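Student: Sequence first, predicted coordinates after that:
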Protein chains: 2
Amino acid sequence: MDTTVLAKHIRLKVDLSDAEIEIVAAYFIEKDLPKKTILFKEGIIVDAIAFVVEGCLRSYSVDENGFEHILQFAPEGWWITDMLSVIKRQQSVLNVESIVDSKVFLLKRASQDELFDKVPKMERFFRILTENALCATRQRVIEGMSLTAKDRYINFCETYPDTVVNNIPQKYVAAYIGVTPEFLSKMRSQLYRS
Amino acid sequence: MDTTVLAKHIRLKVDLSDAEIEIVAAYFIEKDLPKKTILFKEGIIVDAIAFVVEGCLRSYSVDENGFEHILQFAPEGWWITDMLSVIKRQQSVLNVESIVDSKVFLLKRASQDELFDKVPKMERFFRILTENALCATRQRVIEGMSLTAKDRYINFCETYPDTVVNNIPQKYVAAYIGVTPEFLSKMRSQLYRS
DNA sequence: CGCGGGTTTGATGATGCTCAAGCCCGGTGG
DNA sequence: CCACCGGGCTTGAGCATCATCAAACCCGCG
């Protein structure tokens, strides 16, 4: 189990010794996900959070008309789960799925409390993680109200890494910025002509 | 300083003795806000979070065309601030303002770490608070993409307490659900006729 | 090959915005 | 006490943005 990516990511936020990293790593379960594998399915009670070691996942909900809406993309170095289901222990409304062949490290909810006891800095790490996620999501709410679809798309291209912008199907980008695939296609052709 | 509302609210999430509540309360600063008073102004670095004891506040951003978009309403028992500014210590992009005559308790960022040392359960309390806020905000992102304006309005009326739905100007509701005041008015007249 | 999913393109239509006018109503000054 | 003001809400006509539906195209893959 290669913990390089995980260690690097955690050390961006809190200081951990090599020994501590080893303890932390022991709590994770490695899992390979071929393209289009569902990690967490709508309706279950999710009991783990996933750290993306390689590849890219997405979390999405399906509305009453069968349309998918993407809440989050998680390329390498990101975390993804259905928070609401994990915290409240209620049935999940999100699906979490790999977009390409991916590898994740899973941290079970049950192990998490034990981990916090052994390495208290990890509690701080997850608090910071949650705070950052909250800020990003609030930013997205504001953008959804103040920007046009075209500006949201431009914004998306500028903020997400190239691996997400250019290596995933356009229809997923459309489902993230909140337009139909057809309309995204029209916006793009208009952007490239000008 | 009457800490009844605050104590009741904290005890919904963590168990605190009367003695602990007293310690916690000592870290808060009481502040009265007449109607339409700005508590935190766009551009400053916000260094406190506010607990609403009575009344109702709102946080909002102003876009490049001068339109206001409301991120959050905070009636009695809610918390409000510009998280991004507090955490990252960067210039705030939100205004926080009282809608009616209100009273808040302020907790300075600097006091917060000290408070966590003296009453560790409060760190847990704020982690839970942040997690809940994240879930609620993500829910709002999904709703913004999957519901029509009319359904978002109905949803708003059903989820927010009566004090918010019926006691604040309609234009604020419009700025929250993401439509113009004119269009909200038309939706309402259509809803009441049917 | 041919199939199938993703993307493009076009015609048409719904949703929600803009601008402008009028109304309602609480507040304020003469 | 009334006249007037101003902010918020309503209403209507016209318009922009974005969705829907249908057809064609592209291209990797069996």
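Tutor: It's in. Numbering: from 1, shown residues only, chains lettered A, B, ... in the order given.
Student: domains for chain A, by residue range?
Tutor: Following automatic domain parsing, one gets these domains for chain A: A:4-132, A:147-194.
Student: in the longest helix along chain A, what counts as buried?
Tutor: Taking DSSP state H as the criterion, chain A has its longest helix at helix A:121-146. Under the neighbour-count criterion of 16 or more other Cβ atoms under 10 Å in any protein chain shown, helix A:121-146 has A:122-127, A:129-135, A:137-146 buried. In short, each C-beta sits where N, CA and C put it, glycine included.
Student: What segments of chain A are helices?
Tutor: Under DSSP H, chain A gives helices at A:4-11, A:18-26, A:83-88, A:109-118, A:121-146, A:149-159, A:162-167, A:170-177, A:181-193.
Student: surely residue A:110 meets residue A:29?
Tutor: No: counting by Cβ atoms under 8 Å, residue A:110 does not reach residue A:29; the two are 11.8 Å apart.
Student: coming back round to it: the longest helix of chain A - what's its average pLDDT?
Tutor: The pLDDT scores in helix A:121-146 average 93.
Student: List the contacts of the closest residue to residue A:75 other than its chain neighbours.
Tutor: Take residue A:75 and drop its neighbours on the chain: the residue closest to it by Cβ to Cβ, 6 or more residues apart in numbering or on different chains is residue A:56, 4.6 Å away. Contact partners of residue A:56, counting by Cβ atoms under 8 Å, 6 or more residues apart in numbering or on different chains, are A:73, A:74, A:75, A:76, A:98, A:99, A:100, A:102, A:163, A:164, A:167, A:168.
Student: just so I know, which of the helices of chain A lies nearest residue A:66?
Tutor: Closest to residue A:66 of these, according to Cβ to Cβ: helix A:170-177, at 12.1 Å.
Student: contacts for the closest one?
Tutor: Applying Cβ under 8 Å, 6+ apart, the external contacts of helix A:170-177 come out as A:58, A:60, A:67-70, A:73, A:99, A:149, A:152-153, A:156, A:165, A:180-181, A:183-185, A:188.
Student: again, but for stretch A:129-138
Tutor: Contact with stretch A:129-138 is made by A:13, A:79, B:71, B:83-84, B:87-88, B:127, B:130-131, B:133-134, B:137-138, B:141, as judged by Cβ under 8 Å, 6+ apart.
Student: cool, stretch A:5-13 as well?
Tutor: If you take Cβ under 8 Å, 6+ apart as the criterion, stretch A:5-13 is touched by A:16, A:21, A:24-25, A:28, A:51, A:53-54, A:76-77, A:105, A:122, A:125, A:128-129.
Student: DNA strand D contacts on chain A?
Tutor: Residues of chain A found near DNA strand D (Cβ under 7 Å from any atom of the strand) are A:65, A:148, A:149, A:150, A:178, A:179, A:180, A:182, A:183.
Student: where does chain A dip in pLDDT?
Tutor: In the prediction, chain A carries residues with pLDDT under 70 at positions A:194.
Student: Point out the residues in it that sit beside DNA strand C.
Tutor: A:169, A:170, A:171, A:181, A:182, A:184, A:185, A:186, A:188, A:189.
Student: what's the burial count for residue A:75?
Tutor: Residues near residue A:75, counting by other Cβ atoms under 10 Å in any protein chain shown, number 22.
Student: Is it in contact with residue A:161, as I believe?
Tutor: Yes: using Cβ under 8 Å, residue A:75 is in contact with residue A:161, at 5.9 Å.
Student: would you list the helices of chain A in JSON lines and tack on distance to residue A:38?
Tutor: Putting these into JSON lines (distance: least, Cβ to Cβ, whole Å) gives the following:
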{"stretch": "helix A:4-11", "distance to residue A:38": "23"}
{"stretch": "helix A:18-26", "distance to residue A:38": "26"}
{"stretch": "helix A:83-88", "distance to residue A:38": "14"}
{"stretch": "helix A:109-118", "distance to residue A:38": "19"}
{"stretch": "helix A:121-146", "distance to residue A:38": "22"}
{"stretch": "helix A:149-159", "distance to residue A:38": "24"}
{"stretch": "helix A:162-167", "distance to residue A:38": "19"}
{"stretch": "helix A:170-177", "distance to residue A:38": "15"}
{"stretch": "helix A:181-193", "distance to residue A:38": "21"}
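Student: among the residues of chain A next to DNA strand C, who's most crowded?
Tutor: Tallying neighbours with other Cβ under 10 Å puts residue A:184 at the head of the residues of chain A next to DNA strand C, with 21 neighbours.
Student: can I assume it is in contact with residue A:150?
Tutor: No: at 9.7 Å, residue A:184 does not count as touching residue A:150 under the criterion of Cβ under 8 Å.
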